[in-house]
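**Q** no sequence on this one, just coordinates:
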């Protein structure tokens, strides 16, 4: 067992070093797995060990990859990604931002509140983080800077609001999480609704409170006009397409009319129809959306395949038992163990994104949670309420990975399109309060597990 433990530690160390050097994670997963398979074979031959890891054993992963490629639930991820690209190019967000800016123009911090609310609506209809962050940045940052907003508040609001799509359904991350840990995607979708809305609510409360305490960070626009019914009606009309899309996708899942995969297909078709109605649909746009979808899914599936090979090697080296023994031997108790794992996810978020955490770490730690007897209410309907609760906790924690340097993707998305007077220091300082708000949201869901389990129990009960 000493040899297996040593190889396992060396495997994770080489994996981490190669990632930090800058190699692509999919290539690292494949390369490290093959390298340590060879080392294990040499160990069996020259050190007279009995690890049993060889290329014949590794060949079993082909069946796992085939089952992944034919998994219907993963088709939902492809459809949701395509839906996001189509909505990003349809012009809906631009119209809604203009009308909502008029609605909140007389509220101090109103432009930032508008960005947070539109980020929430985009999250519930697209879920494409990069597209949402860039879109919000291009549309709102020049306006907020011109109006005299604090650069930190402006860029922090855009960065955090654009990332809500990773937690608010239909989230592609939740689709892949459901597949990895064997939970119904509908349970995770419903379980993430309230945590996602709580996160958006915390953003709005922070913006309004901070703007009230320090009025100079969010001055009112000089050309603002009184709000009338005409403005309210315009907001409702501009928001109607997104609300209809949310109803078709999430409503059909909640009502039991469609599975998650079927609802994703309905959403993708609806996004194409909306783009046509807004006269944005053409061959060039369709080609760009399809290319973006294929690029994204190709990247994800390369990591899935690599993670499958990596997981086989880890299990062959006894990684499951070693990790479980190491974690359960910690003197924290059950809830303390969960907090420790969430802390590890938070730290990994500084260096890895949600894809690596979902496909590498989550399958290793969820069996431990499944074996813990936690008093999480399932209301007699949710099959594994503790696992649903823990997965939602991990999902909310992963939110921070988009805002924490050095690999916080939202930071670089924003910096790439922001006005030149906004420096990287403004970006880093601006996201700090929102990372704290995300950790507060994790704490709220941790203290009250029913936030993650009541809605799926109510819907499916």
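**A** Yep, that arrived. These figures come from a predicted structure and were not determined experimentally.
**Q** got the residue ranges for the helices in the stretch 51-200 of the chain?
**A** In the stretch 51-200 of the chain, helices defined by DSSP state H, counting those that start in this stretch lie at 55-58, 61-69, 72-88, 92-103, 110-123, 129-147, 151-162, 172-181, 185-213, listed in chain order.
**Q** who wins for proximity to residue 261 among those helices?
**A** Shortest distance between residue 261 and the helices of the stretch 51-200 of the chain, using C-beta to C-beta, is found for helix 72-88: 4.4 Å. For the C-beta atoms, the positions are set from N, CA and C on the backbone; glycine is no exception.
**Q** Give the other helices and strands that the closest one contacts.
**A** In this structure, helix 72-88 packs against helix 129-147, helix 172-181, helix 260-277, helix 283-316, with contacts taken as 3 or more C-beta pairs under 8 Å, 6 or more residues apart in numbering; DSSP states H and E.
**Q** hey, which of the helices of the stretch 51-200 of the chain is tucked in deepest?
**A** helix 151-162 (a mean of 28; mean count of other C-beta atoms under 10 Å).
**Q** average model confidence for that helix?
**A** Computed over helix 151-162, the mean pLDDT rounds to 90.
**Q** tell me the angle of that helix relative to helix 110-123?
**A** Helix 151-162 and helix 110-123 are oriented at 20 degrees to each other (axes from the mean of the first three to the mean of the last three C-alpha atoms, to 10 degrees).
**Q** Okay, and residue 352 sits in which element?
**A** Assessed by DSSP states H and E, residue 352 sits outside every helix and strand.
**Q** Leaving out sequence neighbours, find the closest residue to the residue most central in space within the chain.
**A** Residue closest to the average C-alpha location in the chain (C-alpha atoms, centre = their mean): residue 166, at 2.7 Å. Distances taken as C-beta to C-beta, 6 or more residues apart in numbering place residue 173 nearest to residue 166, at 5.2 Å, with adjacent residues excluded.
**Q** hang on, that neighbour packs against residue 354?
**A** Yes - with contacts counted by C-beta atoms under 8 Å, residue 173 reaches residue 354, the gap being 5.2 Å.
**Q** and for these two, which residues touch both?
**A** Residues touching both residue 173 and residue 354 (C-beta atoms under 8 Å, 6 or more residues apart in numbering) are 166, 398.
**Q** ok, so what distance separates residue 31 from residue 310?
**A** Going from residue 31 to residue 310 by C-beta to C-beta, to the nearest Å gives 10 Å.
**Q** swap in residue 47?
**A** 23 Å.
**Q** of these two, who's got more company?
**A** When residue 47 and residue 310 are compared on other C-beta atoms under 10 Å, the one with more neighbours turns out to be residue 310, at 23 against 9.
**Q** what's residue 188 in contact with, if anything?
**A** So residue 188 contacts 174, 177-178, 388, 391-392, 395 (C-beta under 8 Å, 6+ apart).
**Q** Any stretches of the stretch 201-350 of the chain with poor pLDDT?
**A** 223-228 (pLDDT under 70).
**Q** Nearest residue to residue 31 in space, please, no chain neighbours.
**A** With sequence-adjacent residues excluded and distances taken as C-beta to C-beta, 6+ apart, residue 31 is closest to residue 18, at 7.5 Å.
**Q** again, but for residue 139
**A** Among residues not flanking residue 139 along the chain, residue 97 sits closest, at 5.2 Å (C-beta to C-beta, 6+ apart).
**Q** What distance do you get for that neighbour to residue 116?
**A** For residue 97, the distance to residue 116 - C-beta to C-beta - is 12 Å.
**Q** just to revisit the earlier point, in CSV, list the helices and strands packed on helix 72-88 along with distance to residue 376.
**A** Shown next, in CSV, are the helices and strands packed on helix 72-88 (distance: least, C-beta to C-beta, whole Å):
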stretch, distance to residue 376
helix 129-147, 29
helix 172-181, 15
helix 260-277, 23
helix 283-316, 26
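**Q** rewinding a little: with distance to residue 377 added, can I get the helices of the stretch 51-200 of the chain in CSV?
**A** What follows is the helices of the stretch 51-200 of the chain, written out as CSV (distance: least, C-beta to C-beta, whole Å):
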stretch, distance to residue 377
helix 55-58, 42
helix 61-69, 33
helix 72-88, 26
helix 92-103, 37
helix 110-123, 27
helix 129-147, 31
helix 151-162, 30
helix 172-181, 20
helix 185-213, 12
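**Q** what's the closest of those to residue 456?
**A** Among the helices of the stretch 51-200 of the chain, helix 185-213 sits nearest to residue 456 (C-beta to C-beta), with 3.9 Å.
**Q** re earlier: so the residue nearest to residue 31 versus residue 25, what's the distance?
**A** 9 Å.
**Q** okay, these two: which has more neighbours?
**A** residue 25 (21 against 17).
**Q** Just say helix, strand or coil for residue 258.
**A** coil (DSSP: H, G, I helix; E, B strand; the rest coil).
**Q** Nearest spatial neighbour of it, chain-adjacent residues omitted?
**A** Excluding its sequence neighbours, the residue lying closest to residue 258 (C-beta to C-beta, 6+ apart) is residue 252, at 4.0 Å.
**Q** For the one you found, pull up the helix or strand it's in.
**A** Going by DSSP H and E, residue 252 is in helix 252-254.
**Q** who's in contact with that helix?
**A** So helix 252-254 is contacted by 186, 189-190, 258-260, 262-263, 266, 459 (C-beta under 8 Å, 6+ apart).
**Q** Pick the one among those residues closest to residue 295.
**A** Each of the contacts of helix 252-254 was scored against residue 295 by C-beta to C-beta, and residue 260 proved nearest at 22.8 Å.
**Q** For the closest one, grab the count of nearby residues.
**A** 27.
**Q** What distance do you get for the residue nearest to it when sequence neighbours are not counted to residue 172?
**A** Nearest residue to residue 260 in three dimensions, chain neighbours excluded: residue 185, at 4.3 Å (C-beta to C-beta, 6+ apart). Between residue 185 and residue 172 the computed distance is 10 Å (C-beta to C-beta).
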